[in-house]
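**Student:** what's the 3D shape of this:
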Amino acid sequence: MKTLGNHNYYVYILTNKVKTVLYTGVTNNLKERIYYHRNPLPFSKAFTTKYKCFYLLYYEHFFHIDDAIKREKQIKGWSREKKEKLITDFNSNWRFMNDDV
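**Tutor:** Model (predicted):
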């Protein structure tokens with residue numbers, strides 16, 4: 001099913017402070033989503049809460065949710081090594097990009 005019109009969707013990769021954990025997600029509001037990863041609900045059992053993943057390393061923009069979800073699933077299926085190359089090609093120093101969005 002295709003969505004009508006153009007919208008903004010993002011596939012993104014977050015990490016923890018020491019960059020040992022990678023989390024891939026999809027959202028229609030990157031800034032707000034990162035805020036909620038950093039400020040979870042009390043007693044949240046979410047992966048990003050447990051591993052303190054709220055540092056943005058990578059993102060891609062899409063106009064259709066179907067394309068964004070397809071890309072998210074693709075990246076989630078990759079090896080750690082392949083994800084690291086994707087991040088490095090986009091953000092060579094693995095700089096936290098939270099303030100850029």
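**Student:** Test my guess that Y12 contacts L56.
**Tutor:** Yes. Because the distance of 6.2 Å satisfies Cβ atoms under 8 Å, Y12 is recorded as touching L56. Backbone N, C-alpha and C define where each C-beta goes, glycine included.
**Student:** any residues in contact with both of those two?
**Tutor:** Among the neighbours of Y12, those also in contact with L56 (Cβ atoms under 8 Å, 6 or more residues apart in numbering) are 30, 34.
**Student:** Quick one: residues in contact with stretch 33-44.
**Tutor:** Stretch 33-44 is contacted from outside by 10, 12, 14, 25, 27, 46, 48-49, 53-54, 56, 98, 101, using Cβ under 8 Å, 6+ apart.
**Student:** List the buried residues for it?
**Tutor:** Buried residues in stretch 33-44, counting neighbours by 16 or more other Cβ atoms under 10 Å, are found at 33-34, 36-37.
**Student:** Please save the CA atoms from it in CSV.
**Tutor:** Below are the C-alpha coordinates for stretch 33-44, written out as CSV (Å, rounded to 0.1, in the frame of the first residue of the first chain):
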residue,chain,number,x,y,z
ARG,A,33,12.2,10.6,18.4
ILE,A,34,15.7,11.1,19.7
TYR,A,35,14.3,13.2,22.6
TYR,A,36,12.1,10.3,23.6
HIS,A,37,15.0,7.8,23.3
ARG,A,38,16.9,10.1,25.7
ASN,A,39,13.9,10.7,28.0
PRO,A,40,12.0,7.4,28.2
LEU,A,41,8.9,6.8,30.2
PRO,A,42,9.7,5.6,33.8
PHE,A,43,10.3,1.9,34.0
SER,A,44,10.6,1.6,30.2
